[in-house]
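1. generate a structure from the sequence data that follows.
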Amino acid sequence: MTAIKALEILGGVLIILPAHRAKALLILGPIAVNIMFFEFFIQGTPGIGILLVALVGVQAYIDKAKFKVLV
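-> Numbers count the residues shown, from 1 in each chain. Just a heads-up that it's a prediction; the model follows:
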């Protein structure tokens, strides 16, 4: 859990800086999906995870030019 907390803090700091938003999304994306899956499969009710994944997806779409180099 300590590693996840450290990655969440690192992702939060990086997402503030426009030059590093793509790196932050690469860190925060899997964490957001994991939160959403936890809510669906363990808790049984959707919650804030859907909004979190949607926000990460919107930001990834906005910065899609930065992700083209990964393909």
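2. tell me which residues in the helix of greatest length in the chain are buried?
-> The residue-count maximum for a helix in the chain (DSSP state H) belongs to helix 21-38. Using 16 or more other Cβ atoms under 10 Å as the burial criterion, the residues of helix 21-38 that qualify are 21-22, 24-25, 27-29, 32, 35-36. Where you see a C-beta, it was placed from the backbone N, CA and C, and this is true even at glycine.
3. so how far is it off the chain centroid?
-> Helix 21-38 sits 3 Å away from the centroid of its parent chain (Cα atoms, centre = their mean, to the nearest Å).
4. next secondary structure element downstream of it?
-> helix 48-62 (DSSP states H and E).
5. quick check: buried residues in that next one?
-> Those would be 49, 52-53, 56, 59-60, for helix 48-62 by 16+ other Cβ under 10 Å.
6. tabulate those (TSV), appending distance to L7 and pLDDT.
-> Shown next, in TSV, are these (distance: Cβ to Cβ, whole Å; pLDDT from 0 to 100):
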residue	distance to L7	pLDDT
G49	17	92
L52	15	94
V53	16	96
V56	14	94
Q59	17	94
A60	17	93
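7. would you list those residues in CSV and tack on distance to A6?
-> Listed next are the buried residues of helix 48-62 as CSV, based on distance: Cβ to Cβ, whole Å:
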residue, distance to A6
G49, 20
L52, 18
V53, 21
V56, 18
Q59, 21
A60, 22
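8. now, which of those sits nearest G11?
-> Nearest to G11 among the buried residues of helix 48-62, counting by Cβ to Cβ, is V56 at 9.8 Å.
9. isn't that closest one up against I31?
-> No. Counting by Cβ atoms under 8 Å, V56 stays clear of I31, with 9.0 Å between them.
10. so who does I35 touch?
-> 48-49, 52-53 (Cβ atoms under 8 Å, 6 or more residues apart in numbering).
11. please repeat the previous calculation with a cut-off of 6 Å.
-> Contacts for I35 (Cβ atoms under 6 Å, 6 or more residues apart in numbering) come out as G49.
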